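Visitor: the following block contains a protein sequence and its predicted model.
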Amino acid sequence: MNFCSECAHPVALAIPEGDNRPRFVCTACGTIHYQNPKLVVGSLPVWEHEGDLKVMLCRRAIEPRYGYWTLPAGFMENAETTAAAAIRETVEEAGANIELGPLFAMLNVAHVHQVHLFYLARLVDLDYAAGIESLEVQLFGEREIPWADLAFPTIRTTLELFFADRRRVIEGGSYRFHEHDIVTPMRTQADLA
Ligand code: ZN
């Protein structure tokens, strides 16, 4: 950041007294502008019919990663819960009616200062439609997933974890919560290329 959001004067990087890392500090009013990670929250909507399972993906109509496939997700808003954020993003991007399930994955993306959360969700019906941030919305079986055209490493990881759990569910197991760190973005980019 360059200017103070309180008084519009320039800010400078400095380690405030009692702190241990540089912060943007206003040169005029002294306000310390802390910058902390953002939460990205979404859902993994599933449609299951006679043992045939499909996952809902949205093709992004916005940058970054325009044209690539994602699970419905976005930045959490102030004054909302994580569950409400997951439902809102799914409605906004996919126009989908979902029944939200348990939290499935928490992915630290430390290098971009984000934490991504994905809830399992059940599609209540097939009455969905692309929202303004999506080019199209489509259901995919595991073998149909456009693995090479996924928007972000967190989407790939969440889908991989889901289908691995799914195999355990078929054998009598259950879905469980996963905590995962995305630490090698460059290698993942190469994987996607
Ligand atoms: Zn200021």
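Guide: Looks like it arrived, so ask away.
Visitor: that's a strand at residue 121, yeah?
Guide: Yes - under DSSP: H, G, I helix; E, B strand; the rest coil, residue 121 sits within a strand.
Visitor: roughly how far apart are it and residue 156?
Guide: 18 Å (C-beta to C-beta, to the nearest Å). The way it works is simple: take the backbone N, C-alpha and C, and place the C-beta from them, glycine included.
Visitor: again with residue 138
Guide: Taken as C-beta to C-beta, the span from residue 138 to residue 156 is 17 Å.
Visitor: before we move on, back to that, which one of residue 121 and residue 156 is surrounded by more residues?
Guide: Counted by other C-beta atoms under 10 Å, residue 121 and residue 156 do not tie: residue 121 has more neighbours, with 26 against 19.
Visitor: any idea how this structure splits into domains?
Guide: Using automatic domain parsing, the domain parsing of the chain gives 7-35, 38-184.
Visitor: out of these, flag the one nearest the ion.
Guide: Nearest to the ion, of all those, is domain 7-35, at 3.1 Å by C-beta to the ion.
Visitor: identify all contacting residues around the lengthiest helix in the chain.
Guide: Using DSSP state H, we find that the single longest helix of the chain is helix 153-170. For helix 153-170, contacts defined as C-beta atoms under 8 Å, 6 or more residues apart in numbering pick out 40, 44, 53, 55, 69-71, 104-105, 107, 109, 116, 118, 120, 142, 145, 147, 150, 173-176, 178, 180, 182, 185, 188, 192.
Visitor: out of those, which are buried?
Guide: Listed as buried from these are 40, 44, 53, 55, 69-71, 104-105, 107, 109, 116, 118, 120, 145, 147, 150, 175, 178, 180, 182, 188, 192; burial here means 16 or more other C-beta atoms under 10 Å.
Visitor: who in the protein is up against the ion?
Guide: 4, 6-7, 9, 26, 28-29, 31 (C-beta under 5 Å from the ion).
Visitor: this completes my enquiry, with thanks.
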